[in-house]
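Visitor: Here is the input, now give the coordinates:
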Amino acid sequence: MKRLFVALFAALFIAPLIAQAQSSEDVVWIQIEAQPNLAKATQRARAYANGLEDVNGFSLGGGWYAIAVGPYRRSDAEQLLRSYLREGLIPRDSYLQFSERFRQQFWPVGVNVLNIPLMAPVEPAQTAEPDAPAQPEQVAVQPQLPEPPVGETPAQAQRSERELTRQDREALQIALQWAGFYNSTIDGAFGRGTRQSMADWQSANGYEVTGILTTQQRADLLGKYNAVLDGLGLQTVRDARAGIEITMPTKLVSFATYEPPFAQYNATGDINARVLLISQEGDQDTLFGLYDVMQTLEIVPPEGPRERKSNRFELIGENGRIVSQTQAYLEGGQIKGFTLIWPAGDEDRRRRVFAEMTKSLVRLPGVLDAAAGGGDDQAIDLVAGLQIRLPKISRSGFFIDSSGTIATTIEALQSCSRVTLDDETELDTVVNDAASGIALLKPRSPLAPVEIANFNTVPPRLQSEIAVGGFPYEGVLGAATVTFGALADVRGLQGEENIARLTLAAQAGDAGGPVFDSNGRVLGMLLPRANGAQQLPDDVNFAIESKAIAAVAQAAGITVQTAVSAGLLKPQDLREKAKDMTVLVNCWE
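Guide: Below you'll find the predicted structure:
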């Protein structure tokens with residue numbers, strides 16, 4: 001009667017739920033186990049059903065069977081998964097799964113949630129259906145797992161264990177380590193530590209404790225270890241044009257374009273992953289150049305370990321959004337490798353996918369033609385179609401002493417993980433004065449500026465000509481430019497002291513740059529335009545006067561140069577002076 005009720009409930013409520021929302025992937029399951037034979041899977045499903053609601057069992061193909069609870073709306077499933085894991089009711093490697101991964105239902109008996117013909121009472125032979133190959137020229141690889149014997153004695157298990165290769169034995173140690181039962185060397189030697197970890201794993205998983213894994217138990221352990229890769233579509237991709245064969249998560253990425261030296265595979269699934277295949281002719285200089293260039297790309301965050309050797313390099317970059325790992329090797333005049341970009345916070349799967357890609361990489365004849373780019377996008381901030389890593393904000397600044405101290409606007413320091421002069425020299429904040437809007441920065445490595453500010457001490461004349469040095473387009477032009485204007489007033493609009501009003505067509509990137517008089521003396525520093533409700537004319541700008549900058553510097557123990565008078569400078573000479581004194585200050589996330 002209970003079985004009839006379950007079947008009726010599934011037909012009336014669960015099946016319509018799936019039909020209504022499956023197309024939007026709004027309905028999911030929590031997959032908690034995968035077993036290598038039907039008898040064991042039925043036993044485990046029955047055991048889970050004693051303590052959990054909504055337990056179902058489905059064939060996965062290839063002789064494997066999944067136990068899952070559900071179906072649920074994704075939001076409900078995520079909450080329930082966290083709750084079950086917290087209470088220890090399901091294995092810690094349980095994860096969300098979609099209905100499309102499941103085939104015939106075997107539990108509860110007689111229930112058909114997915115409306116797929118039910119399985120026969122006895123276990124049928126299963127033939128794995130090959131996944132559709134992805135572009136370009138991909139070869140689907142579907143491992144066929146042998147059906148393990150049932151009722152194997154410890155002596156039989158030990159005999160079958162002797163047939164394992166060293167690689168097989170290391171794989172078991174790795175899986176035991178991943179499961180939290182082994183913390184020693186991965187050496188393929190089954191000593192006392194490995195035997196104890198096997199016994200602990202058997203005890204935790206309801207098996208007879210012998211310290212020797214049977215064939216079935218080894219399959220169970222490895223099945224759980226590999227379950228984290230389910231749904232990723234790991235297949236061998238043979239890219240003849242790039243000359244690379246490699247295993248790739250084809251359910252998550254597919255071929256997009258060739259932009260030498262990269263073959264780009266972009267995200268197609270729920271996980272925002274990307275893969276780049278690296279392929280080009282070259283020598284050690286080319287390899288080292290690629291190493292440097294890749295570190296400027298947005299897909300390689302600056303934080304993370306990196307290593308360069310004579311014939312290879314590895315880059316790991318990570319931030320709050322992504323983790324990027326690159327390997328490249330020089331062999332026979334050809335550089336080949338790959339980059340995997342993966343969302344942050346999913347380290348278990350990322351490491352496993354990267355390991356599969358690393359061990360599967362095969363070098364085929366040929367490399368990408370350097371002159372045969374496939375994309376139409378061209379921009380100065382793109383390299384081979386990939387976005388160069390750009391600062392969060394860039395503002396101007398200028399040298400105020402011979403040791404390279406820089407004055408700039410505090411706007412250049414807002415929410416920065418680091419601040420640099422141009423793209424490389426790291427800067428440390430000495431002063432960040434919110435009251436005046438002045439920031440003073442010190443370079444970590446010594447600098448010898450060609451020009452330093454010579455502060456004016458004489459009140460300037462109204463309507464006299466002034467000039468501002470700066471980077472109006474935040475570094476796009478590569479060098480400082482000079483914008484000419486006039487001094488409109490020596491006070492702010494409401495009579496503020498130490499503020500000069502300028503008639504000047506400035507851009508956002510000019511903020512923090514020096515304001516010169518016609519003699520080349522520094523009158524002050526250009527302030528950012530206010531973002532208030534009152535919109536001023538475009539040519540109305542303001543500067544903090546030089547005496548305020550000098551006072552802030554003096555309080556920080558920094559001596560600045562002052563001059564009472566100086567000779568009139570020609571416009572071209574003023575431009576050269578401004579270019580040598582003005583710097584680009586970059587704020588990075």
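Visitor: which residues of the chain score low on pLDDT?
Guide: 1-25, 117-151, 372-385, 387, 389, 475-478, 532-534, 564-566 (pLDDT under 70).
Visitor: so who does residue 228 touch?
Guide: Applying CB atoms under 8 Å, 6 or more residues apart in numbering to residue 228 gives the contacts 93, 95, 348-349, 352. C-betas here are computed from N, CA, C, even on glycine.
Visitor: how does it look with 6 Å?
Guide: Contact partners of residue 228, counting by CB atoms under 6 Å, 6 or more residues apart in numbering, are 93, 348-349.
Visitor: of those, closest to residue 577?
Guide: Closest approach to residue 577 among the contacts of residue 228 (CB to CB): residue 349, at 56.5 Å.
Visitor: Is the closest one within a helix or a strand, and which one?
Guide: In this assignment (DSSP states H and E), residue 349 forms part of helix 347-360.
Visitor: Over to residue 407?
Guide: strand 406-409.
Visitor: go on, residue 85?
Guide: helix 74-87.
Visitor: mind listing what's buried in that helix?
Guide: Going by neighbour count (16 or more other CB atoms under 10 Å), the buried part of helix 74-87 is 77, 80-81, 84.
Visitor: Tell me which residue lies nearest the centroid of this protein.
Guide: In the chain, the centroid-proximal residue (CA atoms, centre = their mean) is residue 322; its distance is 1.4 Å.
Visitor: Can you list phi and psi of the closest residue to residue 178 other than its chain neighbours for me?
Guide: Nearest residue to residue 178, sequence neighbours excluded (CB to CB, 6 or more residues apart in numbering): residue 225, at 5.5 Å. Dihedral angles of residue 225 (phi, psi; degrees, to the nearest 10) stand at phi -60, psi -40.
Visitor: what does residue 545 give?
Guide: phi -70, psi 160.
Visitor: could you measure it against residue 433, distance?
Guide: Separation of residue 545 from residue 433 (CB to CB, to the nearest Å) stands at 14 Å.
Visitor: Tell me the bridge partners for residue 428.
Guide: For residue 428, the beta-bridge assignment (DSSP bridges) gives partners residue 442.
Visitor: got the domain boundaries for the chain?
Guide: Domain segmentation of the chain under automatic domain parsing yields 2-132, 154-229, 234-387, 393-588.
Visitor: What's the end-to-end length of the last one?
Guide: I take that to be domain 393-588. 7 Å (CA to CA, to the nearest Å).
Visitor: Show the subsequent helix or strand relative to the helix holding residue 85.
Guide: Past helix 74-87, further along toward the C-terminus, the next helix or strand under DSSP H and E is strand 95-97.
Visitor: by contact count, what packs against that next one?
Guide: strand 27-35 (3 or more CB pairs under 6 Å, 6 or more residues apart in numbering; DSSP states H and E).
Visitor: distance between the strand it packs on and the chain's centre?
Guide: When C-alpha coordinates are averaged (CA atoms, centre = their mean, to the nearest Å), strand 27-35 and its chain have centres 27 Å apart.
Visitor: One more: stretch 390-405?
Guide: The answer for stretch 390-405 is 29 Å, by CA atoms, centre = their mean.
Visitor: Tell me the buried residues in that stretch?
Guide: So, applying 16+ other CB under 10 Å, buried residues of stretch 390-405: 390-391, 393-401, 404-405.
Visitor: Stretch 50-70 too?
Guide: Under 16+ other CB under 10 Å, the buried positions of stretch 50-70 are 52, 54-61, 63-70.
Visitor: what does stretch 93-106 give?
Guide: Buried, per 16+ other CB under 10 Å, within stretch 93-106: 93-99, 101-106.
Visitor: how long is it from one end to the other?
Guide: Taking CA to CA as the measure, stretch 93-106 stretches 22 Å from start to finish.
Visitor: ok, now stretch 306-316?
Guide: Terminal residues of stretch 306-316 are spaced 6 Å apart (CA to CA).
Visitor: How far does that stretch sit from its chain's centre?
Guide: Mean-position distance between stretch 306-316 and its chain equals 19 Å (CA atoms, centre = their mean).
Visitor: Identify the residues contacting that stretch?
Guide: Contact with stretch 306-316 is made by 291, 300, 304-305, 325-330, as judged by CB under 6 Å, 6+ apart.
Visitor: And the helices in the protein?
Guide: 2-9, 15-21, 38-49, 74-87, 154-162, 166-178, 192-204, 215-226, 284-294, 347-360, 546-555, 571-581 (DSSP state H).
Visitor: Spit out the contact partners of residue 340.
Guide: Here residue 340 is in contact with 275, 325, 354 (CB under 6 Å, 6+ apart).
Visitor: Among these, which one sits closest to residue 499?
Guide: residue 325 (50.7 Å).
Visitor: Can you give me the distance of the closest one to residue 296?
Guide: Counting by CB to CB, the gap from residue 325 to residue 296 is 17 Å.
Visitor: quick one, which of these two is more surrounded?
Guide: Neighbour totals were compared for residue 325 and residue 296, and residue 325 leads with 23 against 16 (other CB atoms under 10 Å).
Visitor: Leaving aside the residues adjacent along the chain, what's closest to the more buried one?
Guide: In space, residue 325 is closest to residue 316, 5.0 Å off (CB to CB, 6+ apart).
Visitor: What's the local residue count around the one you found?
Guide: Residue 316: 17 neighbours (other CB under 10 Å).
Visitor: Run through who's touching stretch 201-214.
Guide: With CB under 6 Å, 6+ apart, stretch 201-214 has contacts from 152, 154, 157-158, 181, 195, 198-199, 217.
Visitor: Would you mark the buried spots in that stretch?
Guide: Buried-residue list, stretch 201-214, by 16+ other CB under 10 Å: 201-202, 205, 207, 210-214.
Visitor: Also stretch 350-366?
Guide: 350-354, 356-357, 361, 363.
Visitor: so how far is it off the chain centroid?
Guide: 19 Å.
Visitor: what do you get for stretch 548-563?
Guide: Worked out by CA atoms, centre = their mean, stretch 548-563 lies 43 Å from the chain centre.
Visitor: mind saving the C-alpha coords of it as PDB?
Guide: Extracted as PDB, the C-alpha positions of stretch 548-563 are listed here (Å, rounded to 0.1, in the frame of the first residue of the first chain):
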ATOM      1  CA  ALA A 548      48.400  73.300   1.700                       C
ATOM      2  CA  ILE A 549      50.400  70.600   0.000                       C
ATOM      3  CA  ALA A 550      53.700  71.900   1.500                       C
ATOM      4  CA  ALA A 551      52.100  72.000   5.000                       C
ATOM      5  CA  VAL A 552      50.900  68.300   4.700                       C
ATOM      6  CA  ALA A 553      54.300  67.300   3.400                       C
ATOM      7  CA  GLN A 554      56.100  69.100   6.200                       C
ATOM      8  CA  ALA A 555      53.900  67.400   8.800                       C
ATOM      9  CA  ALA A 556      55.000  64.100   7.400                       C
ATOM     10  CA  GLY A 557      58.700  65.000   7.500                       C
ATOM     11  CA  ILE A 558      59.000  65.700   3.800                       C
ATOM     12  CA  THR A 559      60.900  68.800   2.600                       C
ATOM     13  CA  VAL A 560      59.700  70.400  -0.600                       C
ATOM     14  CA  GLN A 561      61.300  73.100  -2.800                       C
ATOM     15  CA  THR A 562      59.900  76.600  -3.000                       C
ATOM     16  CA  ALA A 563      60.800  79.500  -5.300                       C
END
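Visitor: Report how many residues lie close to the residue nearest to residue 275 when sequence neighbours are not counted.
Guide: Residue nearest to residue 275 in three dimensions, not counting chain neighbours: residue 265, with 4.2 Å by CB to CB, 6+ apart. Neighbour count for residue 265, taken as other CB under 10 Å: 27.
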